[in-house]
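> coordinates for the following, if possible.
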Amino acid sequence: MSLLFEAVEPITQIIQQFTRYDEDVVDRLNHKYSLIIFTILAIVATTNQYVGEIIKCWSPAQFPDSWVEYANNVCWISNTYYIPMSELNILESPRKEIVYYQWVPLVLFVQAIMFYTPSVHWLTLNRTVGVDMNKMVKLCRDIDHLNPECRDKTSEFLMRHIDRFLQYSREIKTGPCGRFKSYLANLGCLCGKRYGNFLSAIYLLSKLLYIGNVFLQLYLMNHFLGTNYLFFGIEVLRDVASTGTYTESVRFPRVTLCDFEVRALGRNIPYTVQCTLPINLFNEKIFIFVWFWLVFLGIATAFSTVSWLWILFTTNRRSYFRKYLKVFGKYDKKKHKGALAVFSDKYLRQDGHFALRMIGKNTSDVVVGEIIDVLWEYFLENHYSMKEDV
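As a prediction, the model looks like this:
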C-alpha cells in the first residue's frame, strides 16, 4: 500500500501545482475538469481506434482475405454513407455521408484546449493591475495553518499588498469630466485601471468567454457531425421518456455502406459493400455525454455570471464590510458611519470588494474577516484623514 501512495504522490503534486484559487467552482469546471474529462475522452476514442476492429465490411464471397482487409481499410479512410434499411433501392435513395469518425480523437483534444483558453485571459490580465489574485488567495488559505504570531504577520503582509494595489489603481481626477467619469465607472459604464473596476471587469469578461466557448462548441459539433446536434440531448431524453430506452440514432449509424473500385486490366470494377462501425457505439455515448456536459456548463456559467453581476453591482458593499467589522468589534455606527462610506466607495471600490469576495469564496469567513479588519485599521490610521482625496 505504501508503494501505491509513493507512486500517486508525484501526480498529486503536479495537480496541486496547477490548482488555482483566483476563481470560483464554475470556473474550475470549465477550464480544469473539462480539460481533464475531454482529454480522457480523446484518449479513450484513440484507444478504440487501435484496439479491436474499428470497421468490418461484408465483402463478396469471392474476395480473398487480402481483399477483405483492403475493403475494410479503404472504407475506413474514404468515409462511408448511411441509407436506412427500409430504403430498398440504394442507387436512388439520398445518401448521408459519415465523415467524422476518423477525426473524433483530434476533435476531442481540440475541445479540451478550447476549454482552457478562456482562463488564460483572466490569468494573464489580472496580474497587470499589480496584484496576483491566485498567489494572494493561496496565501490566505495558508493562514489557518499558521501560529498566531505568523498569522498576524501574514495578515499584515496581505493588507499592505492589497493597499499597494488599491493605491496603484487610484483614480486621478483631471478635467471637468472627472466626476462624471467616476460616476459612470461606479455604474459599470466605464472600465479602466484607474476607475477601480478593471479587475472585476476582466473577470466578468472571462465568464462571458466561457459561455461563448460553450455555444461555439455546440455550433462546431453541429457542423462536424453533419447533423442537428443542437437538440441531440433533448431527443435522447424524449426517447427514454416515451419508450423507456434509447435506440440507435441516425447520427451515429452502426451499419453503413461503402463504394470503392478495384482496378483490373482495361477497366475499374465498382463494388458496394455493407459495413459495421462498432466504433460508433462508443462515439454515440461520448457525444451524448458531451452534449449534456456542454449544456450543464452553459447553464452553470450563466448563473455564476449573473451571481457575480448581482454581487458587484447591486449588493450593498457597506453592509458587507459592516457585518465583518461588527463581528470583530471594530465598528461604531455613530463614530464610523462616514468612515465606512469612504472605506467602501473610495478606498476599496469595486476591485477591492471583488478581491475580498474572491478570498471569501476560496477560504472562510474567519479569514476574510481578518483581512477586512486589518485593512480597516490601516485605512483609519493612514487614509481616512485624506477623505475626498482617497
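
> what residues does stretch 227-236 touch?
Contact partners of stretch 227-236, identified using Cβ atoms under 8 Å, 6 or more residues apart in numbering, comprise Leu218, Met221, Asn222, Tyr246, Ser249, Val250, Arg251, Phe287, Ile288, Trp291, Phe292, Val295. C-beta here means a position set from N, CA and C on the backbone, and glycine is covered the same way.

> check contacts around the second one.
With contacts taken as Cβ under 8 Å, 6+ apart, Met221 has the following neighbours: Tyr229, Phe287, Val290, Trp291.

> check the third one too.
Asn222 makes contact with Asn228, Tyr229, Leu230 under the criterion Cβ under 8 Å, 6+ apart.

> the closest residue to Phe224 other than its chain neighbours: neighbour count?
Closest residue to Phe224 apart from its sequence neighbours, by Cβ to Cβ, 6 or more residues apart in numbering: Tyr100 at 5.7 Å. Number of residues near Tyr100 (other Cβ atoms under 10 Å) recorded here: 20.

> can you check Tyr70 too?
Using other Cβ under 10 Å, Tyr70 is surrounded by 16 other residues.

> contacts for the helix or strand encompassing it?
According to DSSP states H and E, Tyr70 maps onto helix 65-77. With Cβ under 8 Å, 6+ apart as the test, helix 65-77 has contacts from 53-57, 59, 63, 102, 258, 260, 262, 271, 273, 275.

> could you work out the most separated pair of these?
Pairwise distances across the contacts of helix 65-77 peak at 23.1 Å for Phe63 and Gln102 (criterion: Cβ to Cβ).

> ok so, going back, tell me how far the helix holding Tyr70 is from the chain's mean position?
41 Å (Cα atoms, centre = their mean, to the nearest Å).

> and that helix, what's buried?
Of the residues in helix 65-77, those scored as buried under the neighbour-count criterion (16 or more other Cβ atoms under 10 Å) are Val68, Tyr70, Ala71, Asn72, Val74, Cys75, Trp76.

> check stretch 44-62 too.
Neighbour counts using 16+ other Cβ under 10 Å place Ala45, Asn48, Gln49, Ile54, Ile55, Cys57, Ser59 of stretch 44-62 among the buried residues.

> so, low pLDDT: which residues of the stretch 201-350 of the chain?
Judged by pLDDT under 70, the stretch 201-350 of the chain has its weakly predicted residues at 244-249, 266.

> would a markdown table of the buried residues of stretch 44-62 with secondary structure, distance to Cys140 and pLDDT be doable?
Shown next, in a markdown table, are the buried residues of stretch 44-62 (DSSP: H, G, I helix; E, B strand; the rest coil; distance: Cβ to Cβ, whole Å; pLDDT from 0 to 100):
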| residue | secondary structure | distance to Cys140 | pLDDT |
| --- | --- | --- | --- |
| Ala45 | helix | 41 | 86 |
| Asn48 | helix | 45 | 77 |
| Gln49 | helix | 46 | 75 |
| Ile54 | coil | 51 | 78 |
| Ile55 | coil | 55 | 81 |
| Cys57 | strand | 62 | 84 |
| Ser59 | coil | 67 | 80 |
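
> can you tell me which of these is nearest Phe109?
If you rank these by distance to Phe109 using Cβ to Cβ, Ala45 comes first, at 9.3 Å.

> quick one: contacts for that closest one?
Listed by Cβ under 8 Å, 6+ apart, the contact set of Ala45 reads Val104, Pro105, Leu108, Phe282, Asn283, Ile286.

> go again using 6 Å as the cut-off
Contacts here follow Cβ atoms under 6 Å, 6 or more residues apart in numbering; on that basis Ala45 touches Val104, Pro105, Leu108.

> ok, now Phe354?
For Phe354, the contact set (Cβ under 6 Å, 6+ apart) comprises Leu199, Ser200.

> measure Asn197 to Lys285 for me?
Asn197 sits 45 Å away from Lys285, going by Cβ to Cβ, to the nearest Å.
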